[in-house]
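1. compute the structure for the input listed below.
(one chain, ligands or ions: 2)
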Amino acid sequence: MFDETIAAIATPLGEGGLAVIRLSGENAFGIADKCFLPVGKSSSKPSAAPTHTIQFGKIVRGETVIDEVLLAVLRAPRTFTREDTVEISCHGGLLPAKLVLDTVLKNGARLAEPGEFTKRAFLNGRIDLAQAEAVADLIHSRTELALIAANEQLAGKLSQRVNKLRDDLMHTLAHVEAHIDFPDEDITPDTKAGLLRRLEDGIVFMDELLRTADEGQILRRGIRAAIIGRPNAGKSSLLNQLLGRDRAIVSPIAGTTRDTIEETANIRGLPIVFIDTAGLRESRDEIEIEGIRRSRESLAQAELILHVLDASEPLTDADKNYLAEFSEKKRILVLNKTDLPSKLVLPTPAGDPRPAICNVCSLSGQGIEALKDTLKSMVWAGEIRAEMLQVAISSRHQDALSRARIATREAADALRADATLELVAMDLRIGANAVGEIVGKTTTEDLLDTIFSSFCIGK
Ligand SMILES: Nc1nc2c(ncn2[C@@H]2O[C@H](COP(=O)(O)OP(=O)(O)O)[C@@H](O)[C@H]2O)c(=O)[nH]1
Ligand SMILES: [Mg+2]
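-> Ligands and ions are numbered 1, 2, ... in the order given. Predicted coordinates for the structure are as follows:
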């Protein structure tokens, strides 16, 4: 389908045991032939090798040997891109990988753009758009649950549902259009009822998919949880406990944390981005003031607040201010320093929703497991069900589905009100197109660019 043969380093840049250079396109074997020298009796030049075999040899540039490599020969169409593909495993230093890439480029390949291999897999019809996105989700997944969800989407679980939805809409559209073509035949009440039922079923189905958007968001992006509280309450100690390692500096000197620290932890399978904020107290110190400004900023974006209170001291005005200020947010009051005698008396918790309360000792880690359970249940209501992971939609899917839902609703209302069938048909077409965007049946070049440019080079 494409004239150009593309190439890229598919492994991360840096030093490692191996690096892989990938080539895909019509001329992949021709290019490989020019720079690969088979070594040993059982090796042959790429164009002569059977498909799905590995050849041992050297990458050469004229007389110069660049590296000793293993070269995989993969013939179309049983490849990731559905094109002839060569994968060269060379030594993992930055220079060998770069020189091998350089050599194949000099022999006629073009450097691949980010995500171009996956884009070709999509354009050549091997995977649809939702599956292509799942490849990126898989690479970026930060917890096992996110990985399972990405694999389900890659296997086509979401696509199957979306295709069925689109087929149903197209079917109804065809029916309506048939009546437009034969205006003498009115739609019988029975037919109309049948069409309406199908549209309402479609809307219910869209709602079911739309309900998975929060989970999809959590799995892909994580939940942002800000750790707040007055200086020395133990915020940084708590962050370190949640991460299971010393990330933030802990010290008895108030104002130690000046910058906001962000780290993702795997909490019961969910990626949660914890943000250790500088205390929000008034300050004259310029650096601290900037820290406080940033804290305020990340607080505005946080979906969840962990308010740390020092339980070994009575409530201060600063504590009270925090309690009042964040009463609208979803939050957990973390009563820290339970190893010391308790002096804290909490006022009857105000606000809605009521904050959850957890007792912890951030020095020993006592109570942290219970805090993780609370976090998990606040972030993800109910059990993590397998079918949820099958379809958890992304914000792009959510946007397309929401538009499809509006159009389908309007089509149904128009049909019910006996509006002209052209109007019904128009709404149905909008709806079907919006659904089609999810799997890439209807796309624009812009949309594809946006999606694939977020991929890494070599994928
Ligand atoms: N006894 C006791 N001390 C703690 C506990 N958590 C933190 N600290 C101490 O409280 C001080 C302030 O802790 P830090 O995490 O830096 O607080 P931050 O200013 O809120 O980030 C440090 O000296 C910690 O060792 C705890 O659970 N028990
Ligand atoms: Mg701190």
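2. pretty sure Arg429 is in a strand, no?
-> No - under the criterion used here (DSSP: H, G, I helix; E, B strand; the rest coil), Arg429 is helix, not part of a strand.
3. against Leu173, how distant is it?
-> From Arg429 over to Leu173 the distance is 6 Å, taken as C-beta to C-beta, to the nearest Å. (Glycine included, C-beta is placed from N, CA and C.)
4. and if you look at Gly458?
-> 41 Å.
5. neighbour-wise, which of the two wins?
-> Taking other C-beta atoms under 10 Å, Gly458 and Leu173 do not tie; Gly458 has more neighbours (22 against 19).
6. where along the stretch 151-300 of the chain do the strands fall?
-> Using DSSP state E, counting those that start in this stretch, the strands assigned to the stretch 151-300 of the chain run over residues 223-228, 261-267, 270-276.
7. residues in contact with the second one: which ones?
-> For strand 261-267, the external contacting residues (C-beta atoms under 8 Å, 6 or more residues apart in numbering) are 142-144, 222, 236, 239, 242-244, 247-248, 271-276, 298, 372, 375-376, 379.
8. rerun at 7 Å
-> Counting by C-beta atoms under 7 Å, 6 or more residues apart in numbering, the neighbours of strand 261-267 from elsewhere in the structure are 142-143, 222, 239, 242-243, 247-248, 271-276, 372, 375-376.
9. which of those are buried? Put it as a ChimeraX command.
-> To isolate the buried ones among the contacts of strand 261-267 in ChimeraX, judged by 16 or more other C-beta atoms under 10 Å, type:
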select :142,143,222,239,242,243,247,248,271,272,273,274,275,276,372,375
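10. list the buried residues for stretch 384-396?
-> If you call a residue buried by 16+ other C-beta under 10 Å, then stretch 384-396 has these buried ones: Ile384, Met388, Leu389, Gln390, Val391, Ala392, Ile393, Ser394, Arg396.
11. now stretch 211-230
-> Neighbour count says stretch 211-230 has 212-220, 222-230 buried, by 16+ other C-beta under 10 Å.
12. with stretch 396-411 instead?
-> Judged by neighbour count using 16+ other C-beta under 10 Å, the buried positions of stretch 396-411 are 396-398, 400-401, 403-405, 407-411.
13. so which of the buried residues of stretch 384-396 belong to helices?
-> Secondary structure from DSSP state H places Met388, Leu389, Gln390, Val391, Arg396 of the buried residues of stretch 384-396 in helices.
14. now render those as TSV, adding pLDDT and distance to Leu37.
-> As requested, those are arranged in TSV below (pLDDT from 0 to 100; distance: C-beta to C-beta, whole Å):
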residue	pLDDT	distance to Leu37
Met388	74	52
Leu389	83	47
Gln390	86	48
Val391	88	49
Arg396	95	46
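15. just give the number of residues close to Ala425.
-> Applying other C-beta under 10 Å, we find 21 other residues in the vicinity of Ala425.
16. quick check: it vs ligand 2, distance?
-> 61 Å (C-beta to the ion, to the nearest Å).
17. identify the residues contacting Gly92.
-> When contacts are taken as C-beta under 7 Å, 6+ apart, Gly92 is in contact with Glu15, Gly16, Gly17, Leu18, Ala19.
18. restrict the buried residues of stretch 396-411 to contacts with ligand 2.
-> Among these, no residue lies close to ligand 2 (C-beta under 5 Å from the ion).
19. closest to ligand 1 out of the residues you listed?
-> Closest approach between the buried residues of stretch 396-411 and ligand 1, by C-beta to the nearest ligand atom: Gln398, at 36.5 Å.
20. the closest one looks like it's in a strand, true?
-> No - according to three-state DSSP, Gln398 belongs to no strand; its state is helix.
21. okay, now the residue nearest to Lys376 when sequence neighbours are not counted: neighbour count?
-> Nearest non-adjacent residue to Lys376, counting by C-beta to C-beta, 6 or more residues apart in numbering: Arg268, 4.0 Å away. The local packing of Arg268 (other C-beta under 10 Å) involves 16 other residues.
22. before we move on, what about Pro12?
-> Close neighbours of Pro12, defined as other C-beta under 10 Å, add up to 10.
23. now do it against Ala146, distance only.
-> Counting by C-beta to C-beta, the gap from Pro12 to Ala146 is 19 Å.
24. could you list the domains of the chain?
-> The chain is divided into the following domains under automatic domain parsing: 6-112, 143-212+393-442, 222-379.
25. and these as CSV, adding distance to Thr118?
-> Shown next, in CSV, are the domains of the chain (distance: least, C-beta to C-beta, whole Å):
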stretch, distance to Thr118
domain 6-112, 8
domain 143-212+393-442, 11
domain 222-379, 23
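26. rank those domains by pLDDT, which is bottom?
-> Lowest mean pLDDT within those: domain 222-379, a mean of 86.
27. out of all residues in the chain, which is the farthest from the middle?
-> With distances taken from the mean C-alpha point of the chain and given as C-alpha atoms, centre = their mean, the most distant residue is Asp184, at 51.5 Å.
28. contacts for stretch 176-186, please.
-> Around stretch 176-186, the neighbours that count as contacts under C-beta under 7 Å, 6+ apart are Ile187, Leu421, Glu422, Val424, Ala425, Leu428.
29. repeat the analysis, applying 10 Å as the threshold.
-> For stretch 176-186, the surrounding residues in contact (C-beta atoms under 10 Å, 6 or more residues apart in numbering) are 187, 191-192, 195, 411, 415, 418, 420-429.
30. list phi and psi for Asp310.
-> Main-chain dihedrals, Asp310, degrees, to the nearest 10: phi -80, psi 110.
31. please name the bridge partners of it.
-> Beta-bridge partners for Asp310, by DSSP bridges, are Asn336.
32. so it versus Pro355, what's the distance?
-> Computed with C-beta to C-beta, the distance linking Asp310 and Pro355 is 17 Å.
33. repeat for Leu270
-> Counting by C-beta to C-beta, the gap between Leu270 and Pro355 amounts to 20 Å.
34. likewise Pro12?
-> Relative to Pro355, and taking C-beta to C-beta, Pro12 is found at 42 Å.
35. please apply the same query to Ala134.
-> Shown here: Ala134 relative to Pro355, a distance of 37 Å by C-beta to C-beta.
36. tell me how far stretch 164-178 lies from the chain's centre.
-> From the chain centre to the centre of stretch 164-178 is a distance of 32 Å (C-alpha atoms, centre = their mean, to the nearest Å).
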